[in-house]
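Participant: Okay, predicted coordinates and the sequence, questions at the end:
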Number of protein chains: 2
Amino acid sequence: MTSSIDTSRVLDRNIGIGELARRAGCQPETVRYYERIGLLQNASRTEGGQRRYDERAVRRLAFIRHARDFGFSVEAVRELLKMADHPQMPCHEVDAIAKHHLEEVELRLQRLSALRDELRRMVSQCAGGKVESCRIIEVLGDHRLCQHEAEHGGAGDLR
Amino acid sequence: MTSSIDTSRVLDRNIGIGELARRAGCQPETVRYYERIGLLQNASRTEGGQRRYDERAVRRLAFIRHARDFGFSVEAVRELLKMADHPQMPCHEVDAIAKHHLEEVELRLQRLSALRDELRRMVSQCAGGKVESCRIIEVLGDHRLCQHEAEHGGAGDLR
DNA sequence: GCTTGAAGCTGTAGTTGCTACAGGGTTTAT
DNA sequence: ATAAACCCTGTAGCAACTACAGCTTCAAGC
C-alpha cells in the first residue's frame, strides 16, 4: 500500500525497474522481457537511458503477474489487458477466456489426481527389497500394470 | 539364408526408428533426441547409416515414455533407468525418487485446486455486463480480492 | 565535486522436453 | 529401374522466463 504523505509527484515518475519488479513480485529481467514482448509499453527513460516507471505501471505489472500466477498464458494475458484497457467493452470475451481456462485447469486436475493415485499405489506396493522385485520399476516397465487405462498412449501435458 | 523359420533372429535387429517410435507411442524425433541426451544408447546402424533396433530397445523406450507420462523428469528417468539396469541393487533409491515425485504431484494438486476454486468464483461472479464492472478483471487487478491468501508473492509453478 | 557501491543497460545464451523443418540419402517393393 | 516410404543430420523453434558478461549510470556520503 502506498502510505503517501505527498511523495506522489516526486515518486510518481521515479520508480526504477528494480523497485517496480519488487513491488509486483518479479525480477527486473522479467519486466524487460514483458516490455520486449509488448505486454508493457516502452518505459520512459532517464537521460542516461535507465527505465523509469509510475504507479500505473506498477498496477499493470501486478495485473500481469497476478494473471500469470493464475496460470493464464501470456497470450491470454495480452487479451485480458486489451480488455482491461477498454472498460466500455462488453465482458463476455473476458468471461470466455476465464471459462476456457477453468476447463483446462479442471482437466489438468483430473489427470493429475489420477497420476497421484497411481503413484501412491506404486509407492505403497514397493516392499523395499531389491530393484529386481521393485514394484515401481515394474509398473513403469509394463503399462498393463496400471490401474486406470484411459489415454494409454500418453497422459498429455499433465503438468 | 533368410529362411522363414527363425524370424526372431532376423526380425530382432530389424526394427526401424519409425516402428520403434510407433510401438512406444512417440515420434522418431523423440527417439533421436533420447539418444542424443543419452537415455538410449547409440543404436546400431545399417550400412547406409540408418538406425536399427531390437526388442530390448522397444522395452527400454516404453519404460522411458511411461515414466515421462507419469511426470518424472528426464533426469529422474535417467536415475530410474540406471537402477532398472542393476536389478541386484536395493531399491530404496527408486522408492525415494517416486516418493519425492509423489510429494510434488500432491503439491501441484493443492495449488491447482485452489486455483480452480478461485477461477470458479471469478467466473460465477461475473454478471456479464461491461468490462468496467467485470469481476474477473477486478480480481486480476487487485490481489486482495482473492479468497485464499497464501503465498501472496506469486503462486510459483502452479501449472 | 568526487568517490563508491548499488542498480541498470544490452545482447546473447541457457533452461525443459521435445517438435518441425530443410535438404538431402536409403530401403523396399514392384 | 523406379517410386514411395522411410530415414539422415543439423539447426531452429516453442513457453516463459532466467542468467550471465561486460559495460554504464545513479544516488548518497564525504
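Facilitator: Sure thing, it's come through.

Participant: State the next helix or strand along the chain beyond the longest helix along chain A.
Facilitator: The residue-count maximum for a helix in chain A (DSSP state H) belongs to helix A:92-125. Using DSSP states H and E, the helix or strand that directly follows helix A:92-125 along the chain is helix A:135-141.

Participant: By average pLDDT, which secondary structure element in chain A comes out worst?
Facilitator: Least confident element among the helices and strands of chain A, by mean pLDDT, DSSP states H and E: helix A:8-12 (a mean of 47).

Participant: Now do whichever helix or strand comes after that one: which elements does it pack against?
Facilitator: Sequence order places helix A:17-24 as the next helix or strand after helix A:8-12, per DSSP H and E. With contacts defined as 3 or more CB pairs under 8 Å, 6 or more residues apart in numbering or on different chains; DSSP states H and E, the packing partners of helix A:17-24 are helix A:28-36, helix A:55-69. C-betas here are computed from N, CA, C, even on glycine.

Participant: of all of chain A, which residue lies closest to DNA strand C?
Facilitator: A:G18 (2.3 Å; CB to the nearest atom of the strand).

Participant: Pretty sure that residue sits against A:Q27.
Facilitator: No: judged on CB atoms under 8 Å, A:G18 makes no contact with A:Q27 at a distance of 9.2 Å.

Participant: how close does A:C26 sit to A:M89?
Facilitator: Remark: distance between A:C26 and A:M89 (CB to CB, to the nearest Å) = 28 Å.

Participant: Can you name the residues of chain A that neighbour DNA strand C?
Facilitator: A:16-19, A:28-29, A:32, A:43, A:45, A:49-51 (CB under 7 Å from any atom of the strand).

Participant: How confident is the prediction for A:M1, by pLDDT?
Facilitator: Note on A:M1: pLDDT of 41.

Participant: circling back to that earlier point, if I pick the nearest residue to the residue of chain A closest to DNA strand C once chain neighbours are set aside, what's in contact with it?
Facilitator: The shortest distance from A:G18 to any non-neighbouring residue, by CB to CB, 6 or more residues apart in numbering or on different chains, is to A:P28 (5.6 Å). When contacts are counted by CB atoms under 8 Å, 6 or more residues apart in numbering or on different chains, A:P28 touches A:17-18, A:20-21.

Participant: Now do the phi/psi pair for A:Y53.
Facilitator: Here is the backbone geometry of A:Y53 (degrees, to the nearest 10): phi -120, psi 160.

Participant: Report the contact partners of it.
Facilitator: A:13, A:15-17, A:20, A:43.

Participant: One more pass at 10 Å, please.
Facilitator: Residues in contact with A:Y53 (CB atoms under 10 Å, 6 or more residues apart in numbering or on different chains) are A:12-17, A:19-21, A:23, A:31, A:40, A:43-44, A:60-61.

Participant: Likewise for A:H100?
Facilitator: A:A76.

Participant: Now stretch A:76-94: average pLDDT?
Facilitator: 85.

Participant: now stretch A:111-118
Facilitator: When pLDDT is averaged over stretch A:111-118, the result is 83.

Participant: now it: how far from the chain's centre is it?
Facilitator: 22 Å (CA atoms, centre = their mean, to the nearest Å).

Participant: what does stretch A:107-121 give?
Facilitator: In terms of CA atoms, centre = their mean, the centre of stretch A:107-121 is found 21 Å from the chain centre.

Participant: ok, and does it reach over to DNA strand D?
Facilitator: No: judged by CB under 7 Å from any atom of the strand, stretch A:107-121 stays clear of DNA strand D, getting no closer than 13.4 Å.

Participant: Can you point out the buried residues in that stretch?
Facilitator: A:108-109, A:111-112, A:114-116, A:118-119, A:121 (16 or more other CB atoms under 10 Å in any protein chain shown).

Participant: about what we covered before: check contacts around the residue of chain A closest to DNA strand C.
Facilitator: Shown in contact with A:G18 (CB under 10 Å, 6+ apart): A:27-28, A:31, A:51.

Participant: can you pick the most crowded of those residues?
Facilitator: A:V31 (24 neighbours; other CB atoms under 10 Å in any protein chain shown).

Participant: Isn't that one up against A:R51?
Facilitator: Yes: A:V31 is within contact range of A:R51, at 7.9 Å (criterion: CB atoms under 10 Å).

Participant: which residues do the two both contact?
Facilitator: A:17-18, A:20, A:40, A:43, A:57.

Participant: Now the two most distant members of those.
Facilitator: A:G18 and A:L40 (15.0 Å; CB to CB).

Participant: hang on, the earlier thing: compare A:C26 and A:M89 (neighbour count), which wins?
Facilitator: Counted by other CB under 10 Å, A:C26 and A:M89 do not tie: A:C26 has more neighbours, with 20 against 16.

Participant: Would you agree the more buried one is in contact with A:V58?
Facilitator: No: using CB under 10 Å as the test, A:C26 is too far from A:V58 to be in contact (11.5 Å).
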